[in-house]
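[1] quick one: sequence plus predicted model below, questions after.
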Amino acid sequence: MRLKIAVLRSFALRKGTDVDGTVESICKGVSLRGTNLWLLLTSSALASIGLDTNSSAVIIGAMLVSPLMSPILAVGLSVATWDWKLLGAAMRSLMVAVGLSLAVSAGYFWISPLGLVTDEIAARTVPTLLDVGIALFGGTAGIVAMSRLEKTNAIPGVAIATALMPPLCTAGYGLAKADATAFFGAFYLFFLNAVFISFATFVVVRLLRFPRHVEVDSRTTMRVRLLVLAFVIAVTIPSVYLLIRVVERQRIDRNIQRFVRAEVDTDVRTTLRWTVRADVVPAQLQVYVAGEPIEPDILAEVRHQLVNYGLEGFELKVIDAGLSQSARKAMIGEVQSDLELRLEAIAQAQRDERLARDEEARRAKETLRRIGGDPEEIEALRGEIAAAFPEIDRALYAPSVSDLSTEKEKSEVVPARVVFVSFARGTSRSQQARLRARLASYLEERLKVRPVAVVDEPKVAVTASTN
């Protein structure tokens, strides 16, 4: 007995119930004017764009913005409290909201450059009994959270879980594309959600004993409850059938996968894909294979194995994709030949590039010998010049300039030695002139030859740093 009391106290809801606040909050959201109308139009546009672009984030945003929850909650509240005026207003608002949402979504998908069946659209065309559970528990959470004196953050979660606007906009897609399957499947999902959110509201409001607007006897109360229950059961029956079909389809898919892997695939044969044709009698299982064809006697044995995988109602048709063992070998040979030719071309290009670099290096060395003199002698002088003349940035020693001289210059006295110099930044012209004269005297004394000409480094010269 004590345990029963403890359990009942744990699940008690009446304490902390805000009856007036709950009714006021729901009634305020019933009217589709001003803010609510703008939110309805924008949420339907957002949901349509999210469905079209397969964006879950945009769809979730549309769920949170949508004002559809209030009219649906108002339907359950009005039936539970016998408020027929509120019921009429809620039904009118709900029908107008449905019509506007369908119009906006159908208009969007009619002009959309995409308009393909995305995963988000396809997921809302086959409602099942599981969606009934989502709507029922989501609606219960919503009305329980809304009825508390201390409000919780459950309402946004309920809006996301029950997903009212996305299936309605998917139905709009079905209208725009004249796709009856998408329209009726998605609209049925929306209808299921709306009915079971209202039903959950009805049950919770009666448990919380909200005051009725009309006093009725127990017989009338029972009659209304039975009508509500009968309507809910009638609405649920198609979802049960659809759930059975989905489960059966998944079972058949698993059995086909097992059958194909065990009976069709071999070392010389691979299944590319398989399809089921349900528009013929008996239903046909078409398996596309690549590799060696199945011999007639083996194919007959494979067909007999369908019964062992629960596929006795199917007729097996194996379709050769045209890639036999010999064809695959020929294809592999062609690919290898093409690859070998490409590799040879790459190797030849690398050899040509290497020869070009070698020729360029040879020409550079020849130029150095022609205008730069003996590299070892330059190396011996480099340290001395750098120490004695820190203002000189680079110096290039040349033993002869006969190859660089013009005909006029060759008729004149040619220096015995030439040194090309480059000065550090900031050295003035007068300083450069004095440094050239000093370096010429230094080198004439150092090399025991004269005359030595010190000139500015030409742009075509190959230079060596003195540092």
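    Perfect, I can see it now. Numbers count the residues shown, from 1 in each chain.

[2] what's around residue 91, how many residues?
    Close neighbours of residue 91, defined as other Cβ atoms under 10 Å, add up to 15. Quick note: C-beta positions are derived from backbone N, CA and C, even for glycine.

[3] is it true that it touches residue 75?
    Yes - with contact defined as Cβ atoms under 8 Å, residue 91 counts as touching residue 75 (6.7 Å).

[4] for the helix or strand hosting residue 300, packing partners?
    Taking DSSP states H and E as the criterion, residue 300 maps to helix 296-304. Helices and strands touching helix 296-304, by 3 or more Cβ pairs under 8 Å, 6 or more residues apart in numbering; DSSP states H and E, are strand 314-320.

[5] return the set of buried residues in the strand it packs on.
    For strand 314-320, burial by neighbour count (16 or more other Cβ atoms under 10 Å) applies to 314, 316, 318.

[6] contact partners for the second one?
    Contacts of residue 316 were listed using Cβ atoms under 8 Å, 6 or more residues apart in numbering, and they are 285, 287, 299, 302-303, 306.

[7] emit the ChimeraX select command for whichever of the residues you listed are buried.
    Filtering the contacts of residue 316 down to the buried ones (16+ other Cβ under 10 Å) takes a single ChimeraX command:
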select :285,287,302,303,306
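
[8] between which two of the contacts of residue 316 is the distance greatest?
    Greatest spacing in the contacts of residue 316, by Cβ to Cβ: 285 and 299 (12.9 Å).

[9] mind splitting the chain into its structural domains?
    Using automatic domain parsing, the domain parsing of the chain gives 11-215, 257-320, 372-456.

[10] could you dump these to JSON lines with mean pLDDT and distance to residue 232?
    As requested, the domains of the chain are exported to JSON lines (pLDDT from 0 to 100; distance: least, Cβ to Cβ, whole Å):
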{"stretch": "domain 11-215", "mean pLDDT": "88", "distance to residue 232": "5"}
{"stretch": "domain 257-320", "mean pLDDT": "85", "distance to residue 232": "32"}
{"stretch": "domain 372-456", "mean pLDDT": "70", "distance to residue 232": "92"}
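
[11] out of the ones you listed, which one sits most buried?
    Stretch with highest mean neighbour count among these: domain 11-215 (a mean of 19; mean count of other Cβ atoms under 10 Å).

[12] the helix holding residue 300 vs strand 314-320, what angle?
    Here the directions of helix 296-304 and strand 314-320 differ by 140 degrees (axes from the mean of the first three to the mean of the last three Cα atoms, to 10 degrees).

[13] going along the chain, name the strands of the stretch 251-400 of the chain.
    269-277, 283-291, 314-320, 392-398 (DSSP state E, counting those that start in this stretch).

[14] next one: the stretch 1-150 of the chain
    For the stretch 1-150 of the chain, strands defined by DSSP E, counting those that start in this stretch do not occur.

[15] the helix or strand containing residue 453 pairs with which strands?
    With secondary structure defined by DSSP H and E, residue 453 is part of strand 452-456. Strand 452-456 has these partner strands in its sheet, going by DSSP bridges: strand 417-423 (parallel).

[16] next, the angle strand 392-398 makes with the strand it pairs with.
    Orientation check (the same axes, to 10 degrees): strand 417-423 against strand 392-398 gives 160 degrees.

[17] ok, then the element right after strand 417-423?
    Going down the chain from strand 417-423, the next helix or strand is helix 429-447, by DSSP H and E.

[18] helices or strands next to that following helix in the packing?
    Counting contacts by 3+ Cβ pairs under 8 Å, 6+ apart, helix 429-447 packs against helix 375-388, strand 392-398, strand 417-423, strand 452-456.

[19] include distance to residue 116 when you put the ones you listed into TSV, please.
    Converted to TSV, the helices and strands packed on helix 429-447 look like this (distance: least, Cβ to Cβ, whole Å):
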stretch	distance to residue 116
helix 375-388	72
strand 392-398	68
strand 417-423	68
strand 452-456	72
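
[20] mind checking the SS state of residue 216?
    Following DSSP: H, G, I helix; E, B strand; the rest coil, residue 216 is assigned to coil.

[21] residue 92 versus the residue lying closest to it once chain neighbours are set aside, what's the distance?
    In space, and not counting its chain neighbours, residue 216 is closest to residue 82: 6.7 Å by Cβ to Cβ, 6 or more residues apart in numbering. Counting by Cβ to Cβ, to the nearest Å, the gap from residue 82 to residue 92 is 18 Å.
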